[in-house]
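Asks: fold the following and give me the result.
(chains A and B)
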Amino acid sequence: MLRYLAKRALTYVFMIFLTTSSGYLLAVSTLQPALLEQERIPRPTPEQVVNSFRLKGLDPTLSPWERYVDWLTGILTRWDWGRSPNGAFINAEFGDRVWISTRLFLASIILTLVIGVALGVFTAARQYKASDRAITSYSYLMYIVPAPIAYFLVQLGAININESVGERVFFVTGISTPGLDGDGWAQFVDMLAHYAVPTFAITIVGWGAYQIAQRQYLLDNVNADFVRTARAKGLTRNQAISRHALRVSFIPVAQSIAFTIPAIFAGGFFAEKIFAWHGVGSWSIDSIALQDVNAATATLAYGSVIFAVGAILADFATTLVDPRVRVQ
Amino acid sequence: MTNLNTIDPAAVLDEGKFGGDDVVIGKSRIILRRFLRNRTAVAGLAIFLALTLFSFIGGFFSSWDKETIDPFNIGMPPSAEHLLGTSQAGIDLYALTVEGTRVSILIGVVVGLVSVLIAAVYGCTMAFFGRKVDKVMLFILEALIMMPALLVVAVATSGGANGLKNTVPSWLLLIVVLLVFSWMGTARLIRSLSLSLMQRDFVKASQYMGIPPHRIVWRHLVPNIGSLLVLEVTRGVTGAILAEVAFSFIGIGIKVPDVSLGVLIGQSTSQVSTFPWMFWAPLIVMFLLTGSLAMMNDGLRDAFDPSSSSVGRTKRNSATGKKQSGKTQKKIK
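Replies: Residues are numbered from 1 along each chain as shown, chains lettered A, B, ... in the order given. Next comes the predicted model:
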């Protein structure tokens, strides 16, 4: 098992290296921070711009390949991901951003998965009853709404609640109230008020896909031979479903989870933009607007790492639930 | 699942019933009939076609076009003169919506069709040749999935001083980028399905009979994953339309002066309370578009599935003891 995981991990490290490298080369050959410097007042001379960039290790006169080699040696020897055009160190900023993103998404991802899979099983067991129709229709509705628009509508709803109550119950943007003093309880209430709206929005948009997938796969298995055998041996329908059909039907769902978690993190920048949580996602977009090669590449590398972790976890989960899979 | 080459008694019965006697009905006619029997799907198709028609000829019903500014009606609510009101710049919103619908449908249809085509060719090739070819192609596939599409969209549509964005319209650029990053998931799915089909007796038999690979793929693989392909087309179209709206909503993707539904929705979000019609009109058109595609999905899947026993609503109601309808009999293994 360990050997298999190590082998997979090695493949993914190679893959991360490839995507990050190609991302860096793409970014370094298209992004030109020197153009933005021209908009400063007073306008710096080209020599000044080149000098200031050279000091930060962003020398625009070097060829993309030379810069790539410099950048790569920096990471491999000193774990130094370089600096932004404004002088900030990527390493320092990266930690903050990742922490913010994790706080925003962790609760939502867990809620999304648990609610989605549970409702999928619930509706599959009650196929074509009113509850099944209502829940499945809702999931299909979520499927045709673009995520940012759904977030925006939830935000509008929260604002309406605030207005009708007459005081500020929910904070629709931001992470915490700056300069809030008070005891632990006040801090906690403030945190809840900030977390509620984004978590709610991401969760209700997210669980539809899992519900549909889990329902579909479970229904495919409910009439399989091995479930019929289990019924014939005297198990009740619910026992047969939960002990035999559920395990098999969870395999494809586990696979899809692995591929959607990175999508939530990377695509989370819609949520980050709309709720003004400045995490990794919004950083990646901002860094492109600011023509920041190193920051853009760092976010890309982060996305790849998350993807690799998700894929390995999916393999691991599959071997746990599927008795047919043997790891060599 | 039974061997698909054997004659399904239910299908023979159905064919007999609808043909009146034992005549053989052509495959395309069966597909058409199965589709037409699903009322939701037909309604979805009708809405989608109506919207497409609207996006092409809708401009003739209004005297305004998307460039003319009406200086007397700036940010006005819907009236007799301006059917859907005007934008903050004083441009007729009806004309903008027509134009935006056309761009959105164009992006959706092109990306949906072409990406599934790429995915089918890629996935079937992987499954058919297996071994080394499969390994290398899977590696490329996963590396592409790893690349965050978003970043590339942003670089491509806003990237610095390269001449690309000035010479190519932004909708075309967005189509290319969406295409490059939309086919991998489908290709993975098609690969896994084709792999299991390759193990089936009828494929093995035809291989031993010396039938050339392209004929095996065309006669045995494609019909069996056909329902999936069609489903992936409608899903791909929906996905592309949603991606366009999402990207344009936050300001990457389609750039002004090009118009799309996403641009119209995105522009109006900051003043929803003061100018509600600017937000809701394009949003409702978008819902109609994606909703009609979702309605078509189910009917299309049943119509193309060779193992489907669906005969639409009539049978589902008559088969009271059997809860399972044709919809769920398709097995994804």
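
Asks: list the contacts for the closest residue to A:G279 other than its chain neighbours?
Replies: Distances taken as CB to CB, 6 or more residues apart in numbering or on different chains place A:S101 nearest to A:G279, at 3.3 Å, with adjacent residues excluded. Using the backbone N, CA and C atoms, a C-beta is placed for each residue, glycine as well. Shown in contact with A:S101 (CB atoms under 8 Å, 6 or more residues apart in numbering or on different chains): A:F265, A:G268, A:E272, A:W277, A:G279, A:V280, A:G281.

Asks: among the residues you listed, name the buried ones.
Replies: A:F265, A:G268, A:E272, A:W277, A:G279, A:V280, A:G281 (16 or more other CB atoms under 10 Å in any protein chain shown).

Asks: from the residues you listed, pick the one nearest chain B.
Replies: The shortest approach to chain B among the buried ones among the contacts of A:S101 belongs to A:G281, at 8.0 Å (CB to the nearest CB).

Asks: assess the claim that that closest one and A:E272 are in contact.
Replies: Yes - assessed by CB atoms under 8 Å, A:G281 is found in contact with A:E272 at 4.6 Å.

Asks: what about A:E163, which helix or strand?
Replies: Under the criterion of DSSP states H and E, A:E163 resides in helix A:147-165.

Asks: could you see whether chain B lies near the helix or strand following that helix?
Replies: Note on helix A:147-165: by DSSP H and E, the next helix or strand toward the C-terminus is helix A:184-222. Yes - judged by CB under 8 Å from any CB of the partner chain, helix A:184-222 comes into contact with chain B at A:Q216, A:Y217, A:L219, A:D220.

Asks: tabulate those (a markdown table), appending neighbour count, pLDDT and distance to A:S137.
Replies: A markdown table is the format used below for the residues of helix A:184-222 next to chain B (neighbours: other CB atoms under 10 Å in any protein chain shown; pLDDT from 0 to 100; distance: CB to CB, whole Å):
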| residue | neighbour count | pLDDT | distance to A:S137 |
| --- | --- | --- | --- |
| A:Q216 | 20 | 83 | 15 |
| A:Y217 | 23 | 84 | 19 |
| A:L219 | 22 | 83 | 16 |
| A:D220 | 20 | 78 | 20 |
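
Asks: ok, back up a step: and the least confident of the contacts of A:S101?
Replies: For the contacts of A:S101, the weakest pLDDT value sits at A:F265, with 62.

Asks: what mean pLDDT would you report for the helix or strand where the residue nearest to A:G279 lies?
Replies: Per DSSP H and E, A:S101 falls inside helix A:90-125. For helix A:90-125, the mean per-residue pLDDT is 86.

Asks: is any part of the helix holding A:E163 close to chain B?
Replies: Yes - counting by CB under 8 Å from any CB, chain B is contacted by helix A:147-165 at A:A147, A:P148, A:I149, A:F152, A:L156.

Asks: which other helices and strands contact that helix?
Replies: Judged by 3 or more CB pairs under 8 Å, 6 or more residues apart in numbering or on different chains; DSSP states H and E, helix A:147-165 is in contact with helix A:184-222, helix A:269-275, helix B:222-249.

Asks: tell me which of those sits nearest to B:Y122.
Replies: Closest approach to B:Y122 among these (CB to CB): helix B:222-249, 12.7 Å.

Asks: how about the closest one: buried residues?
Replies: Per 16+ other CB under 10 Å, helix B:222-249 contains these buried residues: B:224-249.

Asks: ok, now stretch B:43-50?
Replies: Using 16+ other CB under 10 Å as the test for burial, stretch B:43-50 gives B:G44, B:L45, B:I47, B:F48.

Asks: so which of the residues you listed are also by chain A?
Replies: Contacts with chain A are made by none of the buried residues of stretch B:43-50, judged by CB under 8 Å from any CB.

Asks: with pLDDT and distance to B:V272 as extra columns, can I get these in JSON lines?
Replies: Formatted as JSON lines, the buried residues of stretch B:43-50 follow (pLDDT from 0 to 100; distance: CB to CB, whole Å):
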{"residue": "B:G44", "pLDDT": "89", "distance to B:V272": "29"}
{"residue": "B:L45", "pLDDT": "90", "distance to B:V272": "32"}
{"residue": "B:I47", "pLDDT": "92", "distance to B:V272": "26"}
{"residue": "B:F48", "pLDDT": "91", "distance to B:V272": "27"}
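
Asks: quick one: which of these is nearest B:S63?
Replies: Of all those, the one with the least separation from B:S63 (CB to CB) is B:I47, at 26.6 Å.

Asks: skip the chain neighbours and tell me the closest residue to the closest one.
Replies: B:S292 (3.8 Å).

Asks: give the contact list for the one you found.
Replies: B:A43, B:G44, B:L45, B:A46, B:I47, B:F48, B:L51.

Asks: so which strand or helix has it?
Replies: Per DSSP H and E: B:S292 is located in helix B:276-304.

Asks: list the buried residues in that helix.
Replies: B:277-279, B:281-283, B:285-286, B:288-304.

Asks: chain B contacts on the stretch 51-200 of chain A?
Replies: For the stretch 51-200 of chain A, the contact set with chain B under CB under 8 Å from any CB comprises A:Q127, A:Y128, A:Y140, A:Y143, A:I144, A:V145, A:P146, A:A147, A:P148, A:I149, A:F152, A:L156.
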